[in-house]
Each structure stands twice: as structure tokens, then as C-alpha cells.
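Trainee: model this:
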Amino acid sequence: MSNAKSSSEERQRALARWEGEGGALGRAAQAADSLDETELRILTRLGAALLGEWNTIPTDLQRAIFIRASTPHGSGDGARLKSEIARFLHDHKDH
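Mentor: Down below sits the predicted model:
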């Protein structure tokens, strides 16, 4: 089996697993893990922007992003995402 075919099949399996588990965020176990509508809208826009630039991103970074996006997240990740969103907005407030 060629590396390209193997890689493609791995991506398909990872995406199927990701979707089957409720997407990258999974199901929140605690209220602190839940993202509100504004946070979800921010992630949606960032995701759309990322997809728009995807072909300009180096392949190794594409792989790292894909792996991170397709890895199931656990309890507490919603709270971590909230913190990362807040930090992102703070760091880019002047843009």
C-alpha cells in the first residue's frame, strides 16, 4: 500500500472517529466545559479562516492541526478552550 493511500485512509478513519464522537469538542461533562454561542461563533470563524488559508500552510503544520482537530478531547478541555479564546481575543484586540 502506498504512503499516500495509507495517509488518506488514516485521515478518513480519524475524521469518521472524530465525527462519531461528536466533533472536536465532544460532549461537555461540566458547565465549565460548555462553550457559549459567542465562543462557538469565534471558533467557527477561525475554522473558516483556517480552511481558506489551508493550502498556504506548510504540510507539517497541516498535519499537526489535523491531528489536533481529530483527537477526542476530554473533560476540562472546554474550560481550556474558553481560556485560549479569551487570550486570542486579548492578543488581537487591536487588529
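
Trainee: For the rest of this, base every contact and every neighbour count on C-alpha atoms.
Mentor: Fine.

Trainee: neighbours of residue 52, just the number please.
Mentor: Taking other C-alpha atoms under 10 Å as the neighbour definition, residue 52 ends up with a count of 10.

Trainee: Can you tell me how far it is from residue 45?
Mentor: Using C-alpha to C-alpha, to the nearest Å, one obtains 10 Å as the distance from residue 52 to residue 45.

Trainee: so where is this structure shaky, pLDDT-wise?
Mentor: Of all residues in the chain, those with pLDDT under 70 make up the ranges 1-6, 15-33.

Trainee: secondary structure element for the residue nearest the centre of it?
Mentor: Most central in the chain under C-alpha atoms, centre = their mean is residue 69, positioned 3.7 Å from the mean C-alpha point. Under DSSP states H and E, the secondary-structure element containing residue 69 is helix 59-70.

Trainee: That helix packs against which elements?
Mentor: For helix 59-70, the packing partners by 3 or more C-alpha pairs under 8 Å, 6 or more residues apart in numbering; DSSP states H and E come out as helix 3-20.

Trainee: what angle sits between whichever helix or strand comes after the helix it packs on and helix 59-70?
Mentor: For helix 3-20, the following helix or strand on the C-terminal side (DSSP H and E) is helix 37-53. Using axes from the mean of the first three to the mean of the last three C-alpha atoms, to 10 degrees, one finds that helix 37-53 and helix 59-70 are set 150 degrees apart in direction.
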